[in-house]
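In: Based on what follows, work out the 3D shape:
(one chain, ligands or ions: 2)
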Amino acid sequence: MTEAKQAARAAELRDLLNRYGYEYYVLDAPTVPDAEYDRLFRELEALEQDYPELRTPDSPTSRVGGTPLPEFDSVTHQTPMLSLANAFEEAEVEAFDRRIREATGREVVEYDVGPKFDGLAISLTYENGVFVLGATRGDGASGENVTANLRTVRALPLKLVGDQIPRLLEVRGEVVMLRKDFDRLNQEQDAKGEKRFANPRNAAAGSLRQLDSKITASRHLSFFAYGIAACEGMTPPDSQSGIMNWLATLGMPICPEKDRVQGVEGLLGYFKRIGGRRAQLPYDIDGVVYKVDALALQETLGFVSRAPRWAVAHKFPAEEALTTVEGIDIQVGRTGALTPVARLAPVFVGGVTVTNATLHNEDEVRRKDVRIGDTVIVRRAGDVIPEVAGVVLERRPMQEVPGEDLFSTRQAPCYQPFEMPKTCPVCGSHAVKEEGEAVSRCSGGLFCPAQRKQALLHFASRRAVEIEGLGDKLVDQLVDLGIVHTPADLYKLGLVKLAELERMAEKSASKLIAAIEASKHTTLQRFIFALGIRNVGESTARDLAKHFGKLDGLIEAAQLADDAAALAALQAVPDVGPIVAGSIRDFFSEPHNVEVVAQLRAAGVNWTESEPGAAVLSGPLLGKTLVLTGTLPTLGRDAAKAMIEAAGGKVSGSVSKKTDFVVAGAEAGSKLAKAEELGIAILDEQGLLDMLATGPGANAS
Ligand SMILES: NC(=O)c1ccc[n+]([C@@H]2O[C@H](COP(=O)([O-])OP(=O)(O)OC[C@H]3O[C@@H](n4cnc5c(N)ncnc54)[C@H](O)[C@@H]3O)[C@@H](O)[C@H]2O)c1
Ligand SMILES: [Zn+2]
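Out: Numbering: from 1, shown residues only. Ligands and ions are numbered 1, 2, ... in the order given. Down below sits the predicted model:
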């Protein structure tokens, strides 16, 4: 770089950092991850170190925090509220300990250590044990008077306890929002249709810096003390750890994770210990803080411009980083769920290099409006799979496109919104999304390679067609070697093929062949269950088998060209509602599945068919749900049920909004009452008989 270029870069970095700092400190609404800020900060520090003439008085490297908001009264800090030097690498921690030992002449230094809370710093003044003033850090020299808001923080004592109270005590600590309170707050924001908070730190800062204390009170903030800045009227303990223990006796909340350690091994051991528990802690931390324990040594060491020399923040690898979206792939899970996954330019985050991040589902992509080409914030916390936390919209380029009329143009984003594919990228079957569900699924359950193993295991399971001996390991091999693609292929397996498999003796191979052969003789109920139709369990399979009697009857109903008629025909089966009916229709509308069913029958899978129980695709009560209650004068319960079902209607056991008619006889009880409450038409036996003869029109008044 030439000198002019360096000067330009330094100016650019100052501008960026000042803007990000303003968004973070003043607005409590950062637009980039901390790691991005820290990276630019370090670049500017390095430039200023190499070229001191580039240093300006307004450089973010020589200042603390941001300007206090004018809406609050300003508080001048008697002792400035500083920042902390950072260490990211072990070597930097070793250098810190070495500097301390050299400056103090100690062989081993004792440190007070604790989590570095990700909240905001606060200064609390107590006069004769009474809380009188609370202020934010602001720019370090003066902050905002937030006393009224702090009074609403329940963890913060309004009065100190104990019998030895100093005349004046200034406590420093951090206001944080516990993760559970943060999650709850965001749920409330969602419910109100308001913007979510990016993280607990911003939520805490935003909640404390409210002009209306009632809002602060509703937000559930917490507080931990981490030091004192002034004490008058008595002599405080002479070590950091001693002060903390003393503050605890005064009723100050102290973090239980604090500790005291010796030397650099002690520091690094503590870092590891807390790092391992980070995800389990109830609050967010972004590292740990090491402080020289003895106050006498702290005094010897003193301060640099914006931080004490006797303390350092050892930061964890950032959990959020910036990168770009190179593509959006669709992954198909074992149960057919289609998950959009962002393909990313490799980025180091949460301690590993990440190249993919889940986008969860279509709704999430929409909500975050992630587009291919976008710069995004990737988050990887603990062992949780990486996710795209949000888009940096200001980095989405705009382009000129034709406007409303012939001569005008307007600005539009260069990148297109994401569209979920309509078919499964693995097998080409239709992708379907159930009402009220966020997830799209591949409907080719029997055919889709992504769902193959799951489908085979289910097909062979004990309650399905039952193939004894066909377990996980075998299915893995059969699928991975490309021997079996669909359940129909099982019936083509020969002894020779099976004996080739790993750990498969001839004897067990012939046993398996026999089990496969035996599974051919099954029942319609088991066969329907074995198909693995979504939402169709054993009991629904039984109802379907009973109702339709023949598989073709079921398939015909599901494939009726008129969608509403198909759903009505399926819902004529007891306990089949719209969701289950939809799943059955989707399954049999997928030609791939129907083909596999045909192959299975061709391979000899068979069962005894029966006459339909009430496989009625027409009739005066088609699509109507009736509930029987009480004793009818002449018709028995079963007879009434059979007549209704033969007329295309459905009999349900309980009254709901979906009930069309309640047929009430003598001594009808709560069902009748419920029907009256919901305003559902009520019939007697004669009314039912009339309707069976003429259709519901006559009675449905
Ligand atoms: N994303 C952005 O746009 C953006 C902008 C500005 C700053 N930042 C972030 O803010 C941080 C820098 O802010 P900073 O100057 O306040 O420094 P800092 O947060 O790194 O360190 C100083 C602060 O640590 C806090 N702290 C927490 N636990 C403590 C403990 N046990 N003992 C003592 N202090 C403790 C105190 O509030 C203190 O003010 C960086 O992480 C930076 O990335 C982000
Ligand atoms: Zn598929």
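In: Show me which helix or strand of this protein is least confident by mean pLDDT.
Out: Using mean pLDDT, DSSP states H and E, the weakest-scoring helix or strand in the chain turns out to be helix 637-646, at a mean of 77.
In: helices and strands around that helix, which ones?
Out: strand 625-629, strand 650-652, helix 685-694 (3 or more CB pairs under 8 Å, 6 or more residues apart in numbering; DSSP states H and E). Placement of C-beta: from N, CA and C, glycine included.
In: Kindly report the residues of the stretch 1-150 of the chain close to ligand 1.
Out: 20-21, 23-24, 30, 32-34, 37-38, 64, 83-84, 114, 116-117, 121, 137 (CB under 6 Å from any ligand atom).
In: Buried members of those residues into ChimeraX, please.
Out: Burial among those is assessed by 16 or more other CB atoms under 10 Å; the matching ChimeraX selection reads:
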select :20,21,23,24,30,32,33,34,37,64,83,84,114,116,117,121,137
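In: near ligand 1, which residues of the chain?
Out: Taking CB under 6 Å from any ligand atom as the contact definition, the chain meets ligand 1 at 20-21, 23-24, 30, 32-34, 37-38, 64, 83-84, 114, 116-117, 121, 137, 174, 226, 289, 313.
In: again, only this time at 5 Å
Out: 20-21, 24, 30, 34, 37-38, 83-84, 114, 116-117, 121, 174, 226, 289 (CB under 5 Å from any ligand atom).
In: Those residues in helices, which ones?
Out: Here DSSP state H is the test, and these give 20-21, 34, 37-38 as lying in helices.
In: Distance check, Pro33 against Pro157.
Out: 35 Å (CB to CB, to the nearest Å).
In: Tell me the confidence at the closest residue to ligand 2 within the stretch 1-150 of the chain?
Out: The stretch 1-150 of the chain approaches ligand 2 most closely through Pro33 (35.8 Å), counting by CB to the ion. Looking at Pro33, its pLDDT stands at 92.
In: can you tell me which residues contact it?
Out: 318, 320-322, 377 (CB atoms under 8 Å, 6 or more residues apart in numbering).
In: what does Ala155 give?
Out: 221-223, 253.
In: try Gly275
Out: Taking CB under 8 Å, 6+ apart, we find Gly275 in contact with Phe316.
In: List the buried residues for the helix or strand where it lies?
Out: Counting by DSSP states H and E, the element that carries Gly275 is helix 263-277. By 16+ other CB under 10 Å, the buried positions in helix 263-277 come out as 263-264, 266-268, 270-271, 274-275.
In: and what of stretch 84-94?
Out: Buried residues in stretch 84-94 (16+ other CB under 10 Å): 84-88, 93.
In: Straight-line length of it, end to end?
Out: Stretch 84-94 has an end-to-end distance of 17 Å (criterion: CA to CA, to the nearest Å).
In: List the contacts of it.
Out: Contacts for stretch 84-94 (CB under 8 Å, 6+ apart): 38, 96, 116, 264, 267-268, 271, 289-290, 304, 307-309, 311-315.
In: sorry, back to before: how about the buried residues of helix 263-277, which pair is most distant?
Out: Gly263 and Gly275 (18.7 Å; CB to CB).
In: Now do stretch 421-435, average pLDDT.
Out: 92.
In: wait, which of the contacts of Pro33 is closest to Ala558?
Out: Closest approach to Ala558 among the contacts of Pro33 (CB to CB): Ile377, at 44.9 Å.
In: Tell me the secondary structure of the nearest residue to that closest one once chain neighbours are set aside, please.
Out: Using CB to CB, 6 or more residues apart in numbering and skipping residues adjacent in sequence, the residue nearest Ile377 is Ala389, 4.5 Å away. Classification of Ala389 using DSSP: H, G, I helix; E, B strand; the rest coil returns strand.
In: residue contacts, Ala389?
Out: 198, 320, 376-379.
In: Can you check what pLDDT the model gives it?
Out: If you check Ala389, the pLDDT there is 91.
In: Next, find the distance separating Ala640 from Gly619.
Out: Noted for Ala640: a distance of 15 Å to Gly619, by CB to CB.
In: Who has more neighbours out of these two?
Out: Legend: neighbour count by other CB atoms under 10 Å for Ala640 and Gly619, higher for Ala640 (21 against 18).
In: hey, where'd the strands end up in the stretch 251-400 of the chain?
Out: Along the stretch 251-400 of the chain, counting by DSSP state E, counting those that start in this stretch, strands occupy 259-262, 285-292, 311-315, 320-332, 337-349, 352-358, 375-379, 387-391, 398-402.
In: dump the residue contacts of the residue nearest to Ala337 when sequence neighbours are not counted.
Out: Leaving out its chain neighbours, the residue that sits closest to Ala337 by CB to CB, 6+ apart is Val439, at 5.0 Å. The contact partners of Val439, by CB under 8 Å, 6+ apart, come to 337-339, 361, 433.
In: Surely His314 touches Tyr290?
Out: Yes: counting by CB atoms under 8 Å, Tyr290 is a contact partner of His314 at 6.4 Å.
In: For the spatially most central residue of the chain, which residues are in contact?
Out: In the chain, the centroid-proximal residue (CA atoms, centre = their mean) is His360; its distance is 7.9 Å. Going by CB under 8 Å, 6+ apart, His360 touches 339-340, 387, 438.
In: Return the item of those residues having minimum pLDDT.
Out: Lowest-confidence member of the contacts of His360: Ala438, scoring 86 (pLDDT).
In: how many neighbours does it have?
Out: That count, for Ala438 with other CB under 10 Å as the rule, works out to 12.
In: Equivalent analysis for the one 10 residues further on, please.
Out: Taking other CB under 10 Å as the neighbour definition, Cys448 ends up with a count of 25.
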